[in-house]
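Novice: Quick check, what structure comes out for this input:
(2 chains)
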2 protein chains.
Amino acid sequence: MILIGERINASRAPIKAALEKRDAKFIQDEAKIQADAGCQFLDLNCGLSIETEIADMEWLVGIVQQVLKIPLCIDSPNPAVIEKGISLCKAKPLINSITAEEARYKNIILVAKKYNSAIIVLTMDERGMPETSDDRFKIAKKIFGILKKEGIEDGDIYFDPLVRPISSEPKQASELLSSIPKIKSLGGVKIVCGASNISYGLPQRSIINSAFIAMAIKEGLDGALVDPLNKRVFSAIRASEALLARDNYCMNFIQGHRKGLF
Amino acid sequence: MILIGERINASRAPIKAALEKRDAKFIQDEAKIQADAGCQFLDLNCGLSIETEIADMEWLVGIVQQVLKIPLCIDSPNPAVIEKGISLCKAKPLINSITAEEARYKNIILVAKKYNSAIIVLTMDERGMPETSDDRFKIAKKIFGILKKEGIEDGDIYFDPLVRPISSEPKQASELLSSIPKIKSLGGVKIVCGASNISYGLPQRSIINSAFIAMAIKEGLDGALVDPLNKRVFSAIRASEALLARDNYCMNFIQGHRKGLF
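Specialist: Okay, the predicted model is just below:
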């Protein structure tokens, strides 16, 4: 599993405070914790204010790369912020994200090509969030064609089929799960998602999230945006890898246990 | 999900002691806890000694039925013990278990017919435990034919495809999971299993067991032998039902949370 650490996000109060104070050590510690836990990418989101976001991203990328060589996932709705972040990355990065809306993909594809970045593609378009697995597949197919025409490699395309809450729409878990093999039929693309939306509005959300991530990994999920300090979800991911014989001698699982991550 | 409470088993020291002391209250409390948690069957196993097992089963069935109307799952390798237990059941019971070995099914099928009992069928035969999902399917198909010829209804056949540890055989989880739809293709049969063997030899076994049960429910598992007081596994089952839209308004999940079962 490709784990994208999601903790460095300005929507979390301690990160917002650290950004405002330019507290490099706090951010660097958050980065190290996630890298040590086994994340392959660190998501960086600094969406505090439109005015400062470019400068904030420049600072974030710089201080994280002072202490780690881990690839970064540059997370912003603003193409200018993405370009700034991506242009500074030393290891091959990941753009988070584009959609199948022309305004959301046109410039970003150029950035991806210029800096050889991979891209997370949300399966949504002008009509909004998809309902069914077929909706997700159709949108994925459309943007896949555009990306291929632009010369983006399959392996650099990470589709996020957009998890929606079961509390309001009970079939959304099944729809998302069945979209995974459908979208993967397009080629050598990867599927990633964040699990936590699935349990919005329910109690003890980590229980739902961890059962859901186990099912999604079984269906072919390649990666996830995760908080590796959420013991329940993180241990469910490691357990799922062991169960599907993707963890030789269960060593990742056993090491997670020994490191106190579960 | 059909939950078969597994706590009343003589391999657990407190149950062994209660059987020896004829401590009816202790057993009845164990029964009530499991029924309250939502089990549809209670497994009764009293395999302490060959000499006393028939008398022990007679006592167990009697005292549980003094306080509960819940169907029982009569669990013994000894056909005489099974017949004694089944003959005393007031609600339609479940036999645990037969295999595809003639010595293990011949008399038991007669007992099932005589008392209108359902049967758990382990997918093993004279050659021992199956390795692959195809092995499991072939054995299931053979004994399914025999059971149908004897007039047993599909809905009374509960196949247990035999969970084996991933620590020694990494592909066993995948083999078991893919056996579920294969065996269900036989007809209206049910699939049940106990999850815990999957994690034999590994640390923090409930983490593995709960990820596994979520995947198995997604593949079509109909029921499980469970300890409903194992919060991690029990909550994963309830979460899986909610995720697959088998729990209206997530009420079973929410009630499990409110009852402190998670």
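
Novice: can you give me the mean pLDDT across stretch A:145-152?
Specialist: Per-residue pLDDT values over stretch A:145-152 give a mean of 97.

Novice: what is the mean pLDDT for stretch A:234-253?
Specialist: Stretch A:234-253 shows a mean pLDDT of 97 in the predicted model.

Novice: actually stretch A:165-184, sorry about that
Specialist: Stretch A:165-184 carries an average pLDDT of 98.

Novice: which residues touch that stretch?
Specialist: Residues outside stretch A:165-184 that contact it (CB atoms under 8 Å, 6 or more residues apart in numbering or on different chains) are A:123, A:131-134, A:136-137, A:140, A:159, A:161-164, A:189, A:191, A:193, A:197-202, A:208, A:212, A:215-216, A:219-221, B:218, B:242-245, B:248, B:250. Backbone N, C-alpha and C define where each C-beta goes, glycine included.

Novice: taking these one by one, which sit in helices?
Specialist: Among the contacts of stretch A:165-184, DSSP state H puts A:133-134, A:136-137, A:140, A:208, A:212, A:215-216, A:219, B:218, B:242-243 in helices.

Novice: Please identify which pair of these lies farthest apart.
Specialist: Using CB to CB, the two most remote members of these are A:Ala140 and B:Ala242, lying 26.4 Å apart.

Novice: List only buried entries from the ones in helices among the contacts of stretch A:165-184.
Specialist: Among those, those buried by neighbour count (16 or more other CB atoms under 10 Å in any protein chain shown) are A:Ser133, A:Arg136, A:Phe137, A:Ala140, A:Ile208, A:Phe212, A:Met215, A:Ala216, A:Glu219, B:Lys218, B:Ala242, B:Leu243.

Novice: from those residues, which is closest to B:Cys39?
Specialist: Taking CB to CB as the measure, B:Cys39 lies nearest B:Ala242 of those, at 18.2 Å.

Novice: and chain A, which of its residues are near chain B?
Specialist: Counting by CB under 8 Å from any CB of the partner chain, the residues of chain A close to chain B are A:166-167, A:170-171, A:173-174, A:177, A:198, A:202-204, A:207-208, A:210-212, A:214-215, A:218-219, A:235-236, A:238-240, A:242-245, A:248, A:250, A:253-254, A:257, A:262.

Novice: show me the contacts for A:Leu244.
Specialist: A:Ile217, A:Lys218, B:Ala173, B:Ser174.

Novice: still on that earlier bit, TSV please, covering the buried ones among the ones in helices among the contacts of stretch A:165-184 and showing distance to B:Leu94.
Specialist: Formatted as TSV, those follow (distance: CB to CB, whole Å):
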residue	distance to B:Leu94
A:Ser133	36
A:Arg136	41
A:Phe137	41
A:Ala140	45
A:Ile208	30
A:Phe212	30
A:Met215	27
A:Ala216	33
A:Glu219	31
B:Lys218	24
B:Ala242	26
B:Leu243	27
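
Novice: Going by distance to B:Ile8, which of the residues you listed wins?
Specialist: Closest to B:Ile8 out of these is B:Ala242 (28.0 Å), distances taken as CB to CB.

Novice: Now that the closest one has come up, it's in contact with B:Cys250, right?
Specialist: Yes. Counting by CB atoms under 8 Å, B:Ala242 does reach B:Cys250; the two are 4.5 Å apart.

Novice: Now the common contact residues for the two.
Specialist: In contact with both B:Ala242 and B:Cys250: A:Ile166, A:Pro170, A:Leu202, using CB under 8 Å, 6+ apart.

Novice: quick one: buried residues of stretch A:186-203?
Specialist: Judged by neighbour count using 16+ other CB under 10 Å, the buried positions of stretch A:186-203 are A:186, A:189-199, A:202.

Novice: Of those, just say which sits nearest to A:Met57.
Specialist: Distance to A:Met57 across those (CB to CB) is lowest for A:Gly194, with 20.0 Å.

Novice: how about the nearest residue to the closest one, chain neighbours excluded?
Specialist: With CB to CB, 6 or more residues apart in numbering or on different chains as the criterion, A:Gly194 has its nearest non-adjacent residue at 4.0 Å, and that residue is A:Leu225.

Novice: where along the stretch 151-262 of chain A do the strands fall?
Specialist: Counting by DSSP state E, counting those that start in this stretch, the stretch 151-262 of chain A has strands at residues A:157-160, A:190-194, A:223-226.

Novice: Adjacent strands (with direction) for the first one?
Specialist: Think strand A:157-160. Strand A:157-160 sits in its sheet next to strand A:118-122 (parallel), strand A:190-194 (parallel), going by DSSP bridges.

Novice: Include mean pLDDT when you put those strands into TSV, please.
Specialist: TSV is the format used below for these (pLDDT from 0 to 100):
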stretch	mean pLDDT
strand A:118-122	98
strand A:190-194	97
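
Novice: Which of those sits closest to B:Lys84?
Specialist: Comparing the strands paired with strand A:157-160 by their distance to B:Lys84 (CB to CB), the top pick is strand A:190-194, with 53.0 Å.

Novice: in which helix or strand would I find A:Tyr105?
Specialist: Remark: A:Tyr105 resides in helix A:102-115, with elements defined by DSSP states H and E.

Novice: what mean pLDDT does that helix have?
Specialist: Rounded mean pLDDT across helix A:102-115 is 96.

Novice: Using CSV, list the CA coordinates for it.
Specialist: Extracted C-alpha coordinates of helix A:102-115, given in CSV (Å, rounded to 0.1, in the frame of the first residue of the first chain):
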residue,chain,number,x,y,z
GLU,A,102,-11.4,21.5,-17.6
ALA,A,103,-10.6,24.4,-15.3
ARG,A,104,-9.3,22.0,-12.7
TYR,A,105,-7.0,19.9,-15.0
LYS,A,106,-5.8,22.1,-17.9
ASN,A,107,-3.0,24.0,-16.3
ILE,A,108,-2.1,21.3,-13.8
ILE,A,109,-1.5,18.7,-16.5
LEU,A,110,1.2,21.1,-17.9
VAL,A,111,2.7,21.4,-14.4
ALA,A,112,2.8,17.6,-14.1
LYS,A,113,4.5,17.2,-17.4
LYS,A,114,7.0,20.0,-16.8
TYR,A,115,8.1,18.6,-13.4
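
Novice: what's the angle from it to strand A:118-122?
Specialist: On the basis of axes from the mean of the first three to the mean of the last three CA atoms, to 10 degrees, helix A:102-115 is oriented at 170 degrees to strand A:118-122.

Novice: elements contacting helix A:102-115?
Specialist: helix A:79-88, strand A:94-98, strand A:118-122, helix A:133-149 (3 or more CB pairs under 8 Å, 6 or more residues apart in numbering or on different chains; DSSP states H and E).

Novice: which other residues reach that helix?
Specialist: For helix A:102-115, the external contacting residues (CB under 8 Å, 6+ apart) are A:79, A:82-83, A:86-87, A:89, A:93, A:95, A:98-99, A:117-119, A:121, A:143, A:146-147, A:150-152, A:156.

Novice: Mind checking which residue lies nearest the centre of chain A?
Specialist: Nearest to the mean C-alpha position of chain A, by CA atoms, centre = their mean, lies A:Leu225 at 3.9 Å.

Novice: roughly how far apart are it and chain B?
Specialist: As for A:Leu225, its distance to chain B is 19 Å (criterion: CB to the nearest CB, to the nearest Å).

Novice: and if you look at A:Ala140?
Specialist: As judged by CB to the nearest CB, A:Ala140 and chain B stand 22 Å apart.

Novice: For that residue, list the residues it contacts.
Specialist: By CB under 8 Å, 6+ apart, A:Ala140 lies in contact with A:Val121, A:Thr123, A:Phe159, A:Pro161, A:Ser179, A:Lys182, A:Ile183, A:Leu186, A:Val189.

Novice: repeat that with 6 Å
Specialist: Going by CB atoms under 6 Å, 6 or more residues apart in numbering or on different chains, A:Ala140 touches A:Thr123, A:Phe159, A:Ile183.

Novice: Domain parsing of chain A, as residue ranges.
Specialist: Following automatic domain parsing, one finds the domains of chain A at A:1-91, A:93-262.
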